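Asker: Take a look and give me a structure for this.
(one chain, ligands or ions: 1)
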Amino acid sequence: MNAPHVTRYAVAGNPVAHSRSPRIHALFAEQTRQTIDYGRLLCPLDSFKPTLSAFVAQGAGGCNVTVPFKFEAFEMAARHTPRAVLAQAANTLRFDDAAQGGWLADNTDGVGLVRDITVNAGVPLQGRRVLLLGAGGASAGVLGPLIEQRPAELVLANRTVDKARALADRHQAWAAQHSVPLRACALADVGDHFDVLINGTAASLGGGEVPVGPQALKPGALALDMMYGPAARPFLDWATAQGATARDGLGMLVEQAAESFHLWRGVRPDTAPVLALLRAEVDAPAAHKPEAAK
Ligand code: ATR
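Answerer: Just a heads-up that it's a prediction; the model follows:
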């Protein structure tokens, strides 16, 4: 009997050693009986495309993209999903050949975040006041899908307010189409009593404070940091101390991975058992490595 054809995938970035994506995709593959080989692809900062091209020549079907290449990945693809166009950044590439139209860029971060909030945490976003902190790649990837949930209001705040304005401007037509008031502002001007606060800044990586005051949270609010592991801890402790429900980015990580897996393989894995397993592994005492992204 011939050995089954194995398609290769990887998380491409720099650094990637910390990534949990190979573990997550191995669990998805086992669950859905897909034969794939998902690894880590460390890309030199000045040769992302050549590294990917070599990977494709080895029979790769796609990759996830992480820091700092999400914008470059978007630029180099021939085709883009609408949500990647809104983000102007890609976390997923599918290496379709020229006859199929060429490489496809997608961004599954936002749909992963939305699914984690609405399904895993059971918190609806529709009709709620939502505050998103940060205007870098992480926030760019999630703003469009957050708008689609039709919150009552969406405030985008960033240390560099011009970046928040530029990101909001790019999403204003999308927001209007969904009847969502979208406002960009400085961190000092966010206002108060949000139902859902999402931290997409890298503040905690540098050991920084949570960049807004506790007035930003309504009692019983959901406060989510897109990071997980030790990097998320200061934010989670702060949120818990304010009486909020604190949530890290592990669920988002698993959900965005499931969406990428679906794009590549046409099968949607059941995320609940994978998230439960990952949660146990990340919370285990041995897991002391700083982890911040996928
Ligand atoms: P990522 O791809 O993870 O979003 P990024 O594009 O470098 O990374 O964006 C980092 C975000 O965290 C930015 O919004 C950044 O604010 P600036 O645009 O003002 O640089 C924000 N950030 C980083 N350190 C911060 C801190 N100490 N306080 C507040 N915001 C911070």
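Asker: From the ligand, how far off is the residue lying closest to Ile117 once chain neighbours are set aside?
Answerer: Using C-beta to C-beta, 6 or more residues apart in numbering and skipping the chain neighbours, the partner closest in space to Ile117 is Val123 (5.3 Å). Every C-beta, even on glycine, is put in place using the N, C-alpha and C of the backbone. Relative to the ligand, Val123 is positioned 23 Å away (C-beta to the nearest ligand atom, to the nearest Å).
Asker: Check Ser47 too.
Answerer: Distance of Ser47 to the ligand, given as C-beta to the nearest ligand atom: 20 Å.
Asker: And that residue, its phi and psi?
Answerer: The phi/psi pair for Ser47 (degrees, to the nearest 10) reads phi -150, psi 60.
Asker: mind starting the numbering at 10 from now?
Answerer: Let's use 10 as the start, then, which means that last one is Ser56.
Asker: thinking the residue nearest to Ile126 is in contact with Leu231, fair?
Answerer: Yes. Using C-beta atoms under 8 Å, Val132 makes contact with Leu231 at a distance of 4.9 Å.
Asker: Name the residues contacting each of those two.
Answerer: Common contact partners of Val132 and Leu231 (C-beta atoms under 8 Å, 6 or more residues apart in numbering): Ile126, Val205, Thr254.
Asker: Mind checking which of those residues land in strands?
Answerer: The strands, defined by DSSP state E, take in Val205, Thr254 from the shared contacts of Val132 and Leu231.
Asker: out of the shared contacts of Val132 and Leu231, which touch the ligand?
Answerer: With C-beta under 6 Å from any ligand atom as the criterion, the shared contacts of Val132 and Leu231 include none near the ligand.
Asker: of Val132 and Leu231, who's got more company?
Answerer: Ranked by neighbour count (other C-beta atoms under 10 Å), Val132 and Leu231 place Leu231 first, with 23 against 17.
Asker: Identify the residues contacting that one.
Answerer: Ile126, Ala130, Val132, Asp204, Val205, Leu206, Ala253, Thr254, Arg256.
Asker: and what of Phe104?
Answerer: Val65, Ala69, Gly70, Gly71, Cys72, Trp112.
Asker: Next: Gly222.
Answerer: Gly222 neighbours (C-beta under 8 Å, 6+ apart): none.
Asker: Span of stretch 193-206 from start to end?
Answerer: Length of stretch 193-206, first residue to last, C-alpha to C-alpha, to the nearest Å: 15 Å.
Asker: do stretch 161-179 as well
Answerer: End-to-end distance of stretch 161-179: 19 Å, with C-alpha to C-alpha as the criterion.
Asker: ok, Asp257 touching Tyr237?
Answerer: Yes. With contact defined as C-beta under 8 Å, Asp257 counts as touching Tyr237 (4.2 Å).
Asker: quick one: low-confidence parts of the stretch 110-259 of the chain?
Answerer: Across the stretch 110-259 of the chain, nothing is flagged by pLDDT under 70.
Asker: Distance of the residue in it positioned nearest to the ligand relative to Ala175?
Answerer: Closest residue of the stretch 110-259 of the chain to the ligand, C-beta to the nearest ligand atom: Gly145 (2.0 Å). Gly145 sits at a distance of 12 Å from Ala175 (criterion: C-beta to C-beta, to the nearest Å).
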